[in-house]
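Asker: Take this sequence and fold it.
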Amino acid sequence: MDLTDEQKQQVSQWVAAGEGLAEIQRKLESEFGAQMTYMEVRFLVDDLELDLVDKNAPKADLDATANDKPAVDAEASLVDDGPSGSGQVKVEVDPVQRPGAMVSGTVTFSDGESMGWQVDQMGQLGLIPGPTPGYRPSEDDIMEFQTALEVELRKKGM
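Answerer: Residues are numbered from 1 along each chain as shown. Here you go, the predicted model:
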């Protein structure tokens, strides 16, 4: 879907306000009726030459690094190898991708449960069930997973 100049300006404002790709994706659908995959939103932000910012990052860090790399070492702030239930999510990218996936890996949620994930050829993100039948991560863990995934992919130049 092609966005109008006004809609593109709104996306720019969301990015400047520190919104992540998942939140921008939701707002595009709710405010403009534009159903886009996570990857399509990521490409849109790239096409608009916008740099995502971490709205929780200290201002000094944003100024020091705004032109050359992501504002914060997000792995340090989002991923913690602490005990289960610590409120942290860990994302890893597979060195060899799953068949049919553009990129894949594993995620360990804050409660210690793990699942596989993949982004398919259409750019859609999906979770692959883990060893616990019927397991569903919390909404907070899903949001944190999407943010941590974005950071990991950016570090790998994807």
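Asker: list the contacts for the residue of the chain lying at maximal distance from its centre?
Answerer: Using C-alpha atoms, centre = their mean, the residue of the chain lying farthest from its centre is residue 133. It sits 25.3 Å away. Residue 133 makes contact with no residue under the criterion C-beta atoms under 8 Å, 6 or more residues apart in numbering. For glycine as for every other residue, the C-beta is placed from the backbone atoms N, C-alpha and C.
Asker: distance of residue 144 from residue 136?
Answerer: Per C-beta to C-beta, to the nearest Å, residue 144 is found 15 Å from residue 136.
Asker: who has more neighbours, those two?
Answerer: Ranked by neighbour count (other C-beta atoms under 10 Å), residue 144 and residue 136 place residue 144 first, with 22 against 13.
Asker: Show the backbone phi and psi for the nearest residue to that one once chain neighbours are set aside.
Answerer: Nearest residue to residue 144, sequence neighbours excluded (C-beta to C-beta, 6 or more residues apart in numbering): residue 89, at 4.4 Å. When read as degrees, to the nearest 10, the backbone of residue 89 gives phi -120, psi 140.
Asker: what do you get for residue 23?
Answerer: Backbone torsions of residue 23, given as degrees, to the nearest 10, read phi -70, psi -40.
Asker: Now it. Nearest residue, chain neighbours left out?
Answerer: Nearest residue to residue 23 in three dimensions, chain neighbours excluded: residue 14, at 7.4 Å (C-beta to C-beta, 6+ apart).
Asker: pLDDT score assigned to the one you found?
Answerer: pLDDT recorded at residue 14 is 86.
Asker: who are the neighbours in contact with it?
Answerer: The contact partners of residue 14, by C-beta under 8 Å, 6+ apart, come to 23-24, 27.
Asker: Name the member of these with the most neighbours.
Answerer: The residue in these with the most neighbours, by other C-beta under 10 Å, is residue 24 (22 neighbours).
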